[in-house]
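J.: predicted model follows, preceded by the sequence.
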Number of protein chains: 2
Amino acid sequence: MAARKVGNLLGLAVLAVLAERPMHRYEMASVIRSRGKDRQLAVKWGSLYTVVDNLARHGFIAVVGTDRDGARPERTIYRITEAGVGELQDWAAQLLAEPGGAADPLVAGLSVLPALSPETAIDLLGRRVDALAEQAADVRSQLVRDAQHVPRMFLIEDEYALAQLDAQLAWVRGLRDELAAGTFPDLAEWRRLQAAGMPGLDAPGPHDDEEAQP
Amino acid sequence: MAARKVGNLLGLAVLAVLAERPMHRYEMASVIRSRGKDRQLAVKWGSLYTVVDNLARHGFIAVVGTDRDGARPERTIYRITEAGVGELQDWAAQLLAEPGGAADPLVAGLSVLPALSPETAIDLLGRRVDALAEQAADVRSQLVRDAQHVPRMFLIEDEYALAQLDAQLAWVRGLRDELAAGTFPDLAEWRRLQAAGMPGLDAPGPHDDEEAQP
DNA sequence: CTGCGTATATTCGTCTACGAATAACGGAGG
DNA sequence: CCTCCGTTATTCGTAGACGAATATACGCAG
């Protein structure tokens, strides 16, 4: 088990905000949200409490005390520990130094491209091109806007995300154009596969619509 | 719940191989492996049996029968259903048409860059540059080798992965160079933050080393 | 002052991922 | 002929992710 004690990246965000100052759980959520860290990273707030508990269990954060504001339920305040600072730095270092891991769903999509007709593929890729262009434009304008208030070092992730977005856009556009122009080399074979249908579906058989038998 | 009944991308790979011909579970693993689909996609084989069960439960695949080879344990043969073909195409379509989702760990790493010193960051980014360059070279040569036996349409994912890898390499190299050259605008503020230490760590206190109290 | 929408704050139960363990067979080498 | 080992093939337990539900406070429109 060379793996991280707490693997959820939300845990990294928690360590990062607690490095600034102690706070309670809901506040962590607010701060992380307000920093826009949830834009590129898809944060599942349902996991926050589990993650905080796990960080505490492993000694990366600790309870400072409780705070009570009026009749609201009492809130537990957490602080980062020395071990937590170490974990934060080590984790960040690993994420920065080691490539790998990047699970891009488009890779999965492309790997089953032959299951679709060339025409469908052209259409779908076109839709992605549009969506990607819009997304890139959004990020770009957001970045320009933020750059007036926030130092660049806090916007680095967005710059990176934008660069990747631009690269993806260029590549996908290229593939779609190549398919649309008919210059893609394997179109004939692809169509042949399509015409053959799905050979795995020998006996159509009665497919049980809802939940099969136990 | 507009989400996919079976969310694990390994399920997509299973549907894809079953679309070719019916087979039993371990064979799916071999075929997927031999296609090299496990190179870019990090497949966890421990999940295969769960995923196949779930696909069957939702009627996307169905049992054809069993095969017995000597005294080996009997193997259950699965085929894809019509619903399964629909799911495969719909899933692929969604993956191709809709961007989003791409959870790149580097984004997370960059978002906590200020937690590290500039010098450390330069070093780590340099290491990533090296690793990335090597990885890109590997993929490139593998691609050249495969292109002699395999039609290009089966290598599209690798072309895409390579393009993203190249883009990432260029961007990271750019950032590292900028930091190393000292032309990055916020270096002064960054160092100030570093010097301030971790303010969240007010009271170092006795940090309970192993598993905290219940 | 009374009801309603919104923000605050947390709990719980279900479902899933997947590491690790298990076990039989085939063949290579002594 | 034995035994070791790599491949085939599958099961199971546990930790964890996260959707959905819950509950209370606050501010403001009527």
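T.: Now that the structure is in, tell me what you want to look at. Numbers count the residues shown, from 1 in each chain, chains lettered A, B, ... in the order given.
J.: alpha carbons of stretch A:162-172, in PDB - could you do that?
T.: Below are the C-alpha coordinates for stretch A:162-172, written out as PDB (Å, rounded to 0.1, in the frame of the first residue of the first chain):
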ATOM      1  CA  LEU A 162      -7.600  26.300 -21.200                       C
ATOM      2  CA  ALA A 163      -4.400  25.100 -23.000                       C
ATOM      3  CA  GLN A 164      -5.600  21.500 -22.900                       C
ATOM      4  CA  LEU A 165      -9.000  22.600 -24.100                       C
ATOM      5  CA  ASP A 166      -7.500  24.400 -27.000                       C
ATOM      6  CA  ALA A 167      -5.400  21.400 -27.900                       C
ATOM      7  CA  GLN A 168      -8.300  19.100 -27.700                       C
ATOM      8  CA  LEU A 169     -10.400  21.400 -29.900                       C
ATOM      9  CA  ALA A 170      -7.800  21.600 -32.600                       C
ATOM     10  CA  TRP A 171      -7.300  17.800 -32.600                       C
ATOM     11  CA  VAL A 172     -11.000  17.000 -32.700                       C
END
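J.: buried set for it?
T.: Neighbour counts over stretch A:162-172 (16 or more other Cβ atoms under 10 Å in any protein chain shown) mark A:162, A:163, A:164, A:165, A:166, A:167, A:168, A:169, A:171, A:172 as buried. Bear in mind the C-beta positions are built from the backbone N, C-alpha and C, glycine included.
J.: now do the domain split for chain A, please.
T.: Using automatic domain parsing, the domain parsing of chain A gives A:9-97, A:105-200.
J.: and stretch A:147-155, does that touch chain B?
T.: Yes: contact of stretch A:147-155 with chain B (Cβ under 8 Å from any Cβ of the partner chain) involves A:151, A:152, A:153, A:154.
J.: format these as JSON lines; extra columns: distance to residue B:17 and secondary structure.
T.: What follows is the residues of stretch A:147-155 next to chain B, written out as JSON lines (distance: Cβ to Cβ, whole Å; DSSP: H, G, I helix; E, B strand; the rest coil):
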{"residue": "A:151", "distance to residue B:17": "50", "secondary structure": "coil"}
{"residue": "A:152", "distance to residue B:17": "47", "secondary structure": "helix"}
{"residue": "A:153", "distance to residue B:17": "46", "secondary structure": "helix"}
{"residue": "A:154", "distance to residue B:17": "45", "secondary structure": "helix"}
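J.: determine which two of the residues you listed are furthest apart.
T.: Taking Cβ to Cβ as the measure, the residues of stretch A:147-155 next to chain B span a maximum distance of 7.3 Å, between A:152 and A:154.
J.: more crowded one of these two?
T.: Ranked by neighbour count (other Cβ atoms under 10 Å in any protein chain shown), residue A:152 and residue A:154 place residue A:154 first, with 18 against 15.
J.: any idea how far the residue of chain A found nearest DNA strand D is from DNA strand C?
T.: For chain A, the residue closest to DNA strand D is residue A:46, as judged by Cβ to the nearest atom of the strand, at 2.3 Å. Distance of residue A:46 to DNA strand C, given as Cβ to the nearest atom of the strand, to the nearest Å: 5 Å.
J.: now what about the least confident helix or strand in chain A by mean pLDDT, what contacts it?
T.: Counting by mean pLDDT, DSSP states H and E, the weakest-scoring helix or strand in chain A turns out to be helix A:37-40, with a mean of 81. The contact list for helix A:37-40 (Cβ atoms under 8 Å, 6 or more residues apart in numbering or on different chains) reads A:13, A:32, A:43, A:157, A:158, A:161, B:107, B:111.
J.: stretch A:176-189 too?
T.: A:118, A:121, A:122, A:125, A:126, A:129, B:151, B:152, B:153.
J.: chain neighbours aside, what residue packs nearest to residue A:22?
T.: residue A:79 (3.9 Å; Cβ to Cβ, 6 or more residues apart in numbering or on different chains).
J.: would CSV of the contacts of helix A:37-40 with distance to residue B:20 be doable?
T.: What follows is the contacts of helix A:37-40, written out as CSV (distance: Cβ to Cβ, whole Å):
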residue, distance to residue B:20
A:13, 42
A:32, 45
A:43, 39
A:157, 41
A:158, 42
A:161, 37
B:107, 36
B:111, 42
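J.: who wins for neighbours among these?
T.: Ranking the contacts of helix A:37-40 using other Cβ under 10 Å puts residue B:111 first, with 27 neighbours.
J.: what sits against that residue?
T.: Contact analysis of residue B:111 by Cβ under 8 Å, 6+ apart lists A:13, A:16, A:37, A:40, A:41, A:156, A:157.
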